Structures are given as structure tokens and as C-alpha cells.
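Q: sequence-free structure coming up:
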């Protein structure tokens, strides 16, 4: 019993320490962001690595998600004689929830793990220590550009996800099922609100971008300099980012609805 309490206390202290260390790294990243602004090529290079290289998985996933939404939504709405509202269902589901959330989960699994592994490998091979010896801050040179690249890339990927998802829903609803094309687009335009739906979705994607990128950076920066340590840090990135996205989604949705 005593050993159990000791383990619980030790784990609690460790998690609190990690939370504080992550907050400290976040603060240092914001402070050190001036160099990233002065050298935009650092950020654009990382935007390509995290955003452009994630386009394939984002696009394919969005297309099939939109198609499934149209199929499921049509059979549900048909029971109530509202099959023409399938465009509204697909658009609202993607813009409000599925676009930001699924994009963030895919971003964490693809780009987040790459960031963690890259920084963890740099730490294991003492590249970060070599930078400090040459009076180059690893935070401003390595962490900050990747942070801002993630914050920029994820909202753009989420918007692309929603657009391709709507296209996939259209291809299923109109040519395949036979829903009227005019009703599909007109009801979507009439019922999707710019501020309440689109802007709130953008806010969610920005918050998810900050959370997923910062978790990936911290796990890589805090990883033990061994192969096993880097692999565990990569696993923690996916798990922690996924839980953080779902929790933040509930919190943000609660505030936005109220």
C-alpha cells in the first residue's frame, strides 16, 4: 500500500514537472520567435516539411470522410423527407468539427511524430549541445521555426480538409445518389454562417495547431538521448496530442455554443 502511494505520488510529481517544463519551453519559444521573423526561410522550410508533405494523407482522408458523411447523412435525412439538406449536414460537420479535429489528429500522427523524432535524434547526436557551444540558441534556431510552421500549416490543412470533404460529399450526393445540385449548394450557402461556423472552426484549428506542435516539440526536446527514449517520446506525442485535441475540442465547443 505504501509503495502504491509512493508510485502515485512520484508519477504525479513527474507529470507536474513535465507540465511546468512544457510551459517554460512554450514561453521561451515565444520569446525566441524574433529570429524566426527575421529569417522567414527557417519557417517556410518547416511549413513545407510539416504542411506540404502532409497534403496527401489530408486530402485522401478528407475525400473519403466527405463521401461517408454524404452516404450516412442521406439515409438518415431521407427518413424525414429532408434529403436536400445533405449539403448542409456535410458542410457543418466538416467546418465545425471533423475538419479541425481529424486534421489535428492526422497532423499529430504524421508531422508531430516527425518533429519529435527529428529533435530527439538531434539531441541524441549532441547537435543541440553543439549549437549551445557555438552560442546558437537551439530554441530560436530549431524549436521556434517548427512551432510557427505548425501553427501556420494546421489551419490551412484544416481548411483544405473541409473543402475536399465537401467535394467528396457532393460527388456522392449529386451524381451518385441524385440529389438536386441547386438544392445541395443553395441550402449549404444559406445555412452555413461565416462567424458562428467558419470562424469558430478556424479558431479551433489554430488552438489545435499550437497544442499539437508544442507537444511534439516538448517531447522531442525532453526525450532521453537514446533510441528507446526517442521511440517512447514519439509514442507519447501521438497519445498526448490526440487526448489534448479531443479535450480542447470539447472545451472550445462549450464556450462557442454558450
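A: Yes, it's here. Please read all numbers here as calculations on a predicted model, not as lab measurements.

Q: for the worst-scoring helix or strand of the chain on mean pLDDT, which positions count as buried?
A: Lowest on mean pLDDT, DSSP states H and E among the helices and strands of the chain sits helix 34-38, with a mean of 77. Using 16 or more other C-beta atoms under 10 Å as the test for burial, helix 34-38 gives residue 36. In short, each C-beta sits where N, CA and C put it, glycine included.

Q: in what helix or strand does residue 132 lie?
A: Here residue 132 sits within helix 127-133, counting by DSSP states H and E.

Q: what's in contact with the helix or strand that comes right after the least confident helix or strand of the chain?
A: Per DSSP H and E, the first helix or strand lying C-terminal to helix 34-38 is helix 40-50. Outside helix 40-50, the residues that touch it by C-beta atoms under 8 Å, 6 or more residues apart in numbering are 35-36, 107, 111, 114-115, 141, 145-146, 148-150, 152-153, 213.

Q: Need the contact partners of stretch 62-78.
A: With C-beta under 8 Å, 6+ apart, stretch 62-78 has contacts from 83, 85-86, 89-90, 93-94, 98-99, 102, 160-173, 177, 179.

Q: Would you mark the buried spots in the strand or helix carrying residue 76?
A: Secondary-structure element containing residue 76, defined by DSSP H and E: helix 55-78. Burial within helix 55-78, assessed by neighbour count using 16+ other C-beta under 10 Å, is assigned to 57-59, 61-63, 65-67, 69-71, 73-74, 77.

Q: what mean pLDDT would you report for it?
A: Computed over helix 55-78, the mean pLDDT rounds to 89.

Q: which is the next helix or strand following it?
A: helix 86-92.

Q: ok so, going back, let's see which of the contacts of stretch 62-78 end up in helices.
A: Judged by DSSP state H, these include 86, 89-90, 99, 102, 160-171 as members of helices.

Q: hmm, back to that, which two from the contacts of helix 40-50 end up farthest apart in space?
A: Maximum pairwise distance in the contacts of helix 40-50, criterion C-beta to C-beta, is 24.4 Å, between 35 and 107.

Q: just checking, residue 57 touches residue 108?
A: No. The criterion here is C-beta atoms under 8 Å, and residue 57 misses it with residue 108 at 11.8 Å.

Q: re earlier: among the buried residues of helix 55-78, which one lies nearest to residue 249?
A: Using C-beta to C-beta, the buried residues of helix 55-78 come closest to residue 249 at residue 65, 15.9 Å.

Q: measure the closest one to residue 191 for me?
A: The gap separating residue 65 from residue 191 is 20 Å, by C-beta to C-beta, to the nearest Å.

Q: re the thing from before, buried subset of the contacts of helix 40-50, written for ChimeraX?
A: A single ChimeraX command selects the buried members of the contacts of helix 40-50 (16+ other C-beta under 10 Å):
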select :36,107,111,114,115,141,145,146,148,149,150,152,153,213
